[in-house]
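Enquirer: Prediction below, plus the sequence it came from.
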Amino acid sequence: PGNPGLIAAIAVIIGIALAGIILWLTGYYTGTEHKPVKHVGETSETGAATVILSGISVGFESAVYTAIVIGAAVYGAFLLSGDVTVALFAIALAGTGLLTTVGVIVAMDTFGPVSDNAQGIAEMSGDVTEEGAQILTELDAVGNTTKAITKGIAIATAVLAATALFGSYSEAIRNAGKVATEFVANIISPNTLVGVLIGAAVVFMFSGLAVNAVSRAAGAVVYEVRRQFHNNPGIMDGSVRPEYGRVVDICTRDSLRELVTPGLLAVF
């Protein structure tokens, strides 16, 4: 039930809104002025291992919120109609709305390689000032962000398209007989697919929290070891015994505290 024109218009608006949210969310997790990238930069103070761990954990975390946003768009389009077929059509229209931003997306996709090549050419020329190098580095960082945004939009479009394609798949199963029809009604509906999407995202959230816990504990250990080397130079020549207990205490205490959140996530 409902006005078909209104359903179609709202579905397209949902897609356009999804594009804007994906753009902001990806920019937040990849922009140099925001907390996630700054946090990754700070972990580089304790070595390559911790910066890799923190980068991976941020990547896992960003995937979760992206999945939730896409799932919300799919479910929003699904709620526009009580009929599964119409709902799938609304989801397809949401994908069309998402693709109305294709002009901006192509422009951003082009910016990344241009800024990246500009920095490479300037460095190879050997004729670039410190100020110019700083500007080119910032442009390169923005180029990485725009590339990430375009990938986020592409992923969102693919999810919406795949969800809509379940319509033709369900029709083929429905023609197979009564039992198959019941299977379609329970499994192929978009709201069930949203549940699958969120369920898969939980794995990434758990992994991100666990990896981040390891990164923080490792950083704490590095700082403690540096403190001991600084305060007790004799450790290097063997004349002073290191305080092993403090490092063991950090590992034990942090492992217990940091795993509370992933543990609660698994339970919930």
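Expert: Perfect, thanks for sending it. Numbering: from 1, shown residues only.
Enquirer: Could I get the pLDDT score of Phe183?
Expert: Looking at Phe183, its pLDDT stands at 62.
Enquirer: for the residue nearest to Phe206 when sequence neighbours are not counted, what are its contacts?
Expert: Nearest non-adjacent residue to Phe206, counting by C-beta to C-beta, 6 or more residues apart in numbering: Pro262, 5.2 Å away. Where you see a C-beta, it was placed from the backbone N, CA and C, and this is true even at glycine. Residues in contact with Pro262, defined by C-beta atoms under 8 Å, 6 or more residues apart in numbering, are Phe206, Leu209, Ala210, Ala213.
Enquirer: For those residues, please prepare TSV with the additional fields distance to Ala73.
Expert: Putting the contacts of Pro262 into TSV (distance: C-beta to C-beta, whole Å) gives the following:
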residue	distance to Ala73
Phe206	24
Leu209	25
Ala210	28
Ala213	31
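Enquirer: So which elements touch the longest helix seen in the chain?
Expert: Taking DSSP state H as the criterion, the chain has its longest helix at helix 130-174. Applying 3 or more C-beta pairs under 8 Å, 6 or more residues apart in numbering; DSSP states H and E, one finds that helix 130-174 makes contact with helix 4-30, helix 48-78, helix 84-99, helix 102-125, helix 178-187, helix 190-231.
Enquirer: Low-confidence stretches in the stretch 51-200 of the chain?
Expert: Residues of the stretch 51-200 of the chain meeting the criterion pLDDT under 70: 177-188.
Enquirer: what's around His230, how many residues?
Expert: Neighbourhood size, His230 [other C-beta atoms under 10 Å]: 9.
Enquirer: Correction: the previous question concerned Val247.
Expert: For Val247, using other C-beta under 10 Å, the count is 15.
Enquirer: Equivalent analysis for Leu256, please.
Expert: Per other C-beta under 10 Å, the neighbour tally for Leu256 reads 9.
Enquirer: Need the pLDDT of it.
Expert: pLDDT, Leu256: 82.
Enquirer: likewise the one 4 residues further on?
Expert: pLDDT, Val260: 86.
Enquirer: And for Pro1?
Expert: Turning to Pro1, the model gives it a pLDDT of 66.
Enquirer: cool, the one 4 residues further on as well?
Expert: Gly5 is assigned a pLDDT of 87 by the prediction.
Enquirer: shouldn't Ala217 be in contact with Cys251?
Expert: Yes: contact status for Ala217 versus Cys251: in contact at 6.2 Å, counting by C-beta atoms under 8 Å.
Enquirer: Who has more neighbours out of these two?
Expert: Neighbour count, other C-beta under 10 Å: between Ala217 and Cys251, Ala217 has more, with 20 against 13.
Enquirer: Roughly how far does that one sit from Ile121?
Expert: 42 Å (C-beta to C-beta, to the nearest Å).
Enquirer: ok, back up a step: mind checking which helix or strand the residue nearest to Phe206 is in?
Expert: helix 260-267 (DSSP states H and E).
Enquirer: Same check on Asp127?
Expert: Under the criterion DSSP H and E, no helix or strand holds Asp127.
Enquirer: Just confirm Thr46 contacts Glu224, I think it does.
Expert: No: Thr46 lies out of contact with Glu224 (C-beta under 8 Å); the separation is 10.7 Å.
Enquirer: who has more neighbours, the two?
Expert: Remark: of Thr46 and Glu224, Thr46 carries more neighbours, 20 against 16, as counted by other C-beta under 10 Å.
Enquirer: Which pLDDT does the model give that one?
Expert: Thr46 carries a pLDDT value of 87.
Enquirer: Let me know the distance separating it from Ala141.
Expert: With distances taken as C-beta to C-beta, Thr46 is found 22 Å from Ala141.
Enquirer: The spatially closest residue to Asp140 that is not a sequence neighbour: what's it in contact with?
Expert: Using C-beta to C-beta, 6+ apart and skipping the chain neighbours, the partner closest in space to Asp140 is Gln119 (4.8 Å). Residues in contact with Gln119 (C-beta under 8 Å, 6+ apart) are Leu136, Thr137, Leu139, Asp140.
Enquirer: Would you quantify the distance from the residue nearest to Phe206 to Thr96?
Expert: From Pro262 to Thr96 the distance is 39 Å (C-beta to C-beta).
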